[in-house]
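S.K.: Predicted model and sequence below, questions to follow.
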Amino acid sequence: MTARGLIVAAARSGSGKTAVTLGLLAAFKRRGIAVCAGKAGPDYIDPAFHAAATGAASSNLDSWAMPPDLLNALAADAAKIAELVVIEGVMGLFDGATGPPGRAGSTADLATLFCLPVLLVLDISGQSQTAAAVVRGLAAHDPRVRIAGVVLNRAGSARHRTLVEDAIERLGIPVLGAMPRDQALTLPERHLGLVQAQEHSDLAAVLDGLADIAQRHLDLDRIHAIAAPLNVAAASRRPALPPPGQRIAVASDKAFTFFYPHLGDGWRRAGAEIVAFSPLADEPPPNDCDACWLPGGYPELHAGVLANAHRFREGLRRFAAARPVHGECGGYMVLGEGLEDAHGTRHAMAGLLGHATSFAARKLNLGYREARLLADGALGRAGSIIRGHEFHYATLISPGADEVFLELTDMQGGAVKDAGGRRGHVTGTFFHAIAQV
């Protein structure tokens with residue numbers, strides 16, 4: 001295995017990791033380097049931008065939710081197709097859940113597991129030499145994590161950059177570039193993160209612009225040189241979740257986008273076939289499939305279209321009469337009786353479960369979750385333990401009276417209500433499944 005890698009991390013969220021990562025990926029690809037990416041933590045949106053920048057799939061790598069064998073197998077897959085693997089971190093370098101060493105879901109966990117150097121993106125707006133104290137603290141916090149270089153972001157004048165750079169380089173850590181305060185480095189956002197890659201009509205131009213900025217302001221040669229051999233342990237391979245059927249209908253369009261690539265890849269490796277269909281195009285799940293999966297996404301932005309997608313809704317009801325249907329987060333919302341959009345207008349949904357949800361009454365629900373299945377179903381056998389997360393602003397305005405099919409706890413072990421429901425062959429929950437443990 002000859003692939004080399006590095007991790008792009010930061011002291012906190014909002015420091016510019018994604019813009020720097022995309023600039024590096026696009027610039028290295030422009031140089032003819034076979035590059036691919038990964039994303040620390042449970043993120044659906046950033047990997048799609050990575051894939052657009054590199055032309056190669058980007059995997060989520062989550063040390064809390066994924067067992068070590070799965071992490072190593074996913075990293076090995078990346079190493080097979082790339083000369084350089086760039087992993088974008090999550091939140092701050094050491095931020096994560098409570099748990100045993102190496103299983104916190106932090107960016108630092110991945111740096112330690114794969115023996116990779118860290119390229120630290122440091123937002124220096126509003127400070128100068130104090131930035132060196134931040135770098136010193138991060139560099140000393142865990143001796144297993146090596147900060148090999150720093151990229152300054154939102155640098156002001158040349159004097160501002162010089163003050164910061166001189167202070168950091170006295171620590172023996174090189175500054176490998178400084179990104180300016182530039183609106184071109186700010187990607188548009190909405191309530192669950194960045195506006196999705198497939199919604200940018202000019203994404204190629206955006207990525208070209210980020211590559212141009214990276215070429216002007218970053219020392220690409222030295223950044224490439226700090227990459228280290230990707231240290232991947234031998235791993236047995238099993239799917240992250242058992243496939244729910246031999247042919248699996250997966251909803252896929254602008255309303256249903258949050259489907260982890262590692263789930264689909266694992267199902268295919270286990271011999272299953274995935275068949276995509278579009279509820280927004282009023283397509284029902286194909287009748288020759290034996291399971292249906294409704295991923296999360298943005299049904300609240302398309303509630304009127306989904307309410308009028310009669311072929312989809314009727315076909316889904318017929319499918320569910322004899323075969324398993326599972327919905328997570330946005331998919332769960334669509335399986336209910338109704339969905340209120342941001343204006344409080346209620347739209348009829350599939351009615352296969354008895355709950356109703358609202359995007360008008362917003363409340364952030366965010367965090368890791370562990371589920372124990374109480375019944376056999378699309379997620380696996382009763383008694384199985386699955387780790388994943390919740391990230392949504394929608395709320396239950398009517399819980400319904402369906403059977404509970406899983407017990408849900410947060411990362412501290414506290415019980416989580418609103419775990420979802422089961423009726424016949426249909427299951428649904430706000431919980432996004434990442435891997436069985």
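M.R.: Perfect, I can see it now.
S.K.: Mind splitting the protein into its structural domains?
M.R.: What automatic domain parsing lists as the domains of the chain is 4-229, 247-436.
S.K.: Least confident of the ones you listed, on average?
M.R.: Looking over the domains of the chain, mean pLDDT reaches its minimum on domain 4-229, with a mean of 91.
S.K.: now that domain, how far from the centre of its chain.
M.R.: 14 Å (Cα atoms, centre = their mean, to the nearest Å).
S.K.: Next, the buried residues of stretch 426-437.
M.R.: Neighbour-count burial for stretch 426-437 flags 426-436 (criterion: 16 or more other Cβ atoms under 10 Å). Backbone N, C-alpha and C define where each C-beta goes, glycine included.
S.K.: Just the CA atoms of it, as PDB, please.
M.R.: Extracted as PDB, the C-alpha positions of stretch 426-437 are listed here (Å, rounded to 0.1, in the frame of the first residue of the first chain):
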ATOM      1  CA  VAL A 426     -42.900  -0.400   7.900                       C
ATOM      2  CA  THR A 427     -40.300   1.100  10.300                       C
ATOM      3  CA  GLY A 428     -39.200   4.700  10.600                       C
ATOM      4  CA  THR A 429     -37.100   6.800  12.900                       C
ATOM      5  CA  PHE A 430     -35.200  10.200  13.000                       C
ATOM      6  CA  PHE A 431     -32.100   8.100  13.800                       C
ATOM      7  CA  HIS A 432     -29.500   7.700  10.900                       C
ATOM      8  CA  ALA A 433     -27.900   4.300  11.100                       C
ATOM      9  CA  ILE A 434     -24.100   4.200  10.400                       C
ATOM     10  CA  ALA A 435     -22.900   0.800  11.500                       C
ATOM     11  CA  GLN A 436     -23.800  -2.300  13.500                       C
ATOM     12  CA  VAL A 437     -21.400  -2.900  16.400                       C
END
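S.K.: Spit out the contact partners of the residue nearest to Phe259 when sequence neighbours are not counted.
M.R.: Spatial nearest neighbour of Phe259, excluding adjacent residues (Cβ to Cβ, 6 or more residues apart in numbering): Pro295 at 4.1 Å. Pro295 makes contact with 250-252, 256-259, 328-331, according to Cβ atoms under 8 Å, 6 or more residues apart in numbering.
S.K.: Which ones among these map onto strands?
M.R.: The members of the contacts of Pro295 that map onto strands under DSSP state E are 250-251, 328.
S.K.: Go through the contacts of Pro295 and name the one nearest Ala211.
M.R.: The nearest member of the contacts of Pro295 to Ala211, counting by Cβ to Cβ, is Thr257 at 24.9 Å.
S.K.: thinking again about what came up before, now, of the contacts of Pro295, which are buried?
M.R.: For the contacts of Pro295, buried by 16+ other Cβ under 10 Å: 250-252, 256-259, 328-331.
S.K.: JSON lines please, covering those residues and showing distance to Gly38.
M.R.: JSON lines is the format used below for those (distance: Cβ to Cβ, whole Å):
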{"residue": "Val250", "distance to Gly38": "22"}
{"residue": "Ala251", "distance to Gly38": "25"}
{"residue": "Ser252", "distance to Gly38": "22"}
{"residue": "Phe256", "distance to Gly38": "23"}
{"residue": "Thr257", "distance to Gly38": "19"}
{"residue": "Phe258", "distance to Gly38": "17"}
{"residue": "Phe259", "distance to Gly38": "17"}
{"residue": "Glu328", "distance to Gly38": "22"}
{"residue": "Cys329", "distance to Gly38": "22"}
{"residue": "Gly330", "distance to Gly38": "24"}
{"residue": "Gly331", "distance to Gly38": "25"}
